[in-house]
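Student: Pasting the sequence and the predicted model now:
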Amino acid sequence: MTITSYGTGAYRSAKPNEFVATRGQFDDLQRQLTTQKRSETHGDLGIARGTSLDLNSKISSIDSWLSGIQLANVNLNLSTQAVENFATMTSETRNDMRSNSYVASASGRSAPQVLAEEKFKQTLDLLNSNVNGRYLFSGRTSDVQPTVSYSEMMDGDGAGRAGLKQLVSERKAADLGTAGLGRLTAAGAGTTATIAEEIPAQPYGFKLAGASTDSAALVPTYTAGPPADISVNVASQPVAGESLHIKLNLPDGTQQDVVLTARATGTTGNASESFEIGVDANATAANLRASISAALGTQAATTLSAASTMVAAKNFFDGSLTNPPLRVPGPPFNTATGAPAPGTAANTVIWYQGDDGTDPARSTATVQVDKNQVVGTGARANEEAFRVGLAQFAALAIETFPATDTNSQARYEALTERVSDKLGFGGSVQKPAEIITEFGSAQTALAAAKDRNESTKNYLTTAVQGVENVTTEEVATQILALQNQLQASYQVTSILSKLSLTNYL
């Protein structure tokens, strides 16, 4: 049978185990004093482990949000700077398009044109900005460079895909027509002068918008059509200084007022601006017909040419992978009657290679900044403001104005007037400032979220420390208490170890 110890024997038997356990407690307190941590594992925290895990999970989420905010801020700062630079360049180019900026040169290009070409290239570099392998202006396809190169854009790829120069050439031919009068015909007989749009009706060249006069001798009649026509009857001899106004609608949406002024018999003048009063109404009508033909030819070579360039440039930059640029059906192009139709990726350069979805550009890249808040930071190189700016830079860069061409200055002024107007980003056209404002709003949201998250993290960190950490004072107190306990136990044990029956008696 087993004999159970009691009295001093039981004490001696239990005390070694107690000493070992107490020593373990002392070692753990020493660890706590060194690490300032209550335990090495969450399991050792006891009932507090659930609180610790929950708080640490929240802190981990906040750290993830703060990391995303930091990266998004870098991207937004670079994107904003790119758009600000673009806005500056469009403003500078518009200022360059001041009146009387045309200077005949051997190259056929003015200083503003050369500068516009450089700004075009700089804009492409900005739109191709890349941060850590991510293109900032490619929408959801951030791994794809958003634009093709300048040379490919302008000249084509050399493998059958046409660039902007080819599209401009096609459009100019279609608008000019075979007779060089902008798809109009000028005719008449006797005392009548007529102007008519080509039959069948087609979407190219000039469109007649009306005629008026301040002379009782001239009787204009306008038929809207389509195709429209104008008939002017010289009922009697006009007075020198009286004029005929012919309104022409151009393909780019602008309107040109052609003014032909009667001049005295025997005088000379520019045939595209005036007509000589003849010896009778028939002679005057013949002179008017010649003046109309000259005026239409001049306008076709100047304002219509500029309008053609603007339309082709707009169509080119409006194109995308899912919506290729509109092109004139042909060849031949100068007799085209069908409406412009989308090209294909096989025969036309698609300048923008990024995501071209219909959702807002800002939503193409987002950052989670809080449990229920997402901030949009995306952008696309084919946003309207960029398309408009690039089209104007390209229109200037692509044209030449030979010093030997008597129409060069008028054509230059017609083009620069249109470019200047477009670079004003008027009406409902998206403005660079709008993109900058949207980026600014995103930055403000990120800054607010950062402050909020950092404040919350500080609070949670303090709470976690209260659960997981211990203070030096707290541990020192426990160590001192344990030391006192051990010392007392050792003393009692020492006394009992010397106790015998003789000593007891």
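Tutor: Cool, got the structure. Residues are numbered from 1 along each chain as shown.
Student: Return the residues in contact with residue 452.
Tutor: Residue 452 sits next to residue 370 when contact means CB atoms under 8 Å, 6 or more residues apart in numbering. All C-beta spots, glycine's among them, are computed from the backbone N, C-alpha and C.
Student: Which pLDDT does the model give it?
Tutor: What the model reports as pLDDT for residue 452 is 88.
Student: and the gap between it and residue 445?
Tutor: For residue 452, the distance to residue 445 (CB to CB, to the nearest Å) stands at 11 Å.
Student: again, but for residue 272
Tutor: Applying CB to CB, the value for residue 272 to residue 445 is 59 Å.
Student: host element of residue 391?
Tutor: Element membership for residue 391 (DSSP states H and E) is helix 384-398.
Student: in stretch 214-224, what counts as buried?
Tutor: Of the residues in stretch 214-224, those with enough neighbours to count as buried (16 or more other CB atoms under 10 Å) are 215, 217, 218, 219, 220, 222.
Student: go on, stretch 338-358?
Tutor: Buried residues in stretch 338-358, defined by neighbour count with 16+ other CB under 10 Å: 340, 343, 348, 349, 350, 351, 352, 353, 354, 355, 356.
Student: Off-centre distance for that stretch?
Tutor: Per CA atoms, centre = their mean, to the nearest Å, the displacement of stretch 338-358 from the mean C-alpha position of its chain is 18 Å.
Student: repeat for stretch 198-208
Tutor: 35 Å.
Student: Stretch 280-288 now?
Tutor: Put simply, stretch 280-288 sits 57 Å off its chain's centre (CA atoms, centre = their mean).
Student: which residues sit against that stretch?
Tutor: Counting contacts by CB under 8 Å, 6+ apart, the residues outside stretch 280-288 that touch it are 188, 190-193, 232, 234-238, 244, 260, 262, 275-278.
Student: now with 7 Å?
Tutor: Taking contacts as CB atoms under 7 Å, 6 or more residues apart in numbering, the residues outside stretch 280-288 that touch it are 188, 190-193, 232, 234, 236-237, 260, 275-278.
Student: from these, which would you call buried?
Tutor: Neighbour counting with 16+ other CB under 10 Å marks 188, 191, 192, 193, 232, 234, 237, 260, 275, 276, 277, 278 as buried within the contacts of stretch 280-288.
Student: now, which of these sits nearest residue 154?
Tutor: Residue 154 lies nearest to residue 260 out of these, by CB to CB, at 38.5 Å.
Student: For that closest one, grab phi and psi.
Tutor: Backbone geometry at residue 260, expressed as degrees, to the nearest 10, gives phi -120, psi 120.
Student: low pLDDT regions in this protein?
Tutor: Across the chain, the ranges flagged by pLDDT under 70 are 1-54, 56, 99, 463-476, 478-480, 482-505.
Student: where do the helices sit along it?
Tutor: Assigned helices in the chain, in chain order: 8-35, 49-96, 111-127, 150-155, 164-176, 281-301, 303-318, 384-398, 408-422, 432-468, 472-497, 501-504 (criterion: DSSP state H).
Student: Just say which of those is most tucked in.
Tutor: Mean neighbour counts were compared across these using mean count of other CB atoms under 10 Å; the top stretch is helix 303-318, at a mean of 26.
Student: Can you pull out the residues in contact with that one?
Tutor: The list of residues contacting helix 303-318 from outside it, by CB under 7 Å, 6+ apart, reads 164, 167-168, 171-172, 175-176, 182, 205-206, 250-252, 254, 256, 325-326, 340, 351, 387, 390-391, 394-395, 398-399, 411, 414-415, 418.
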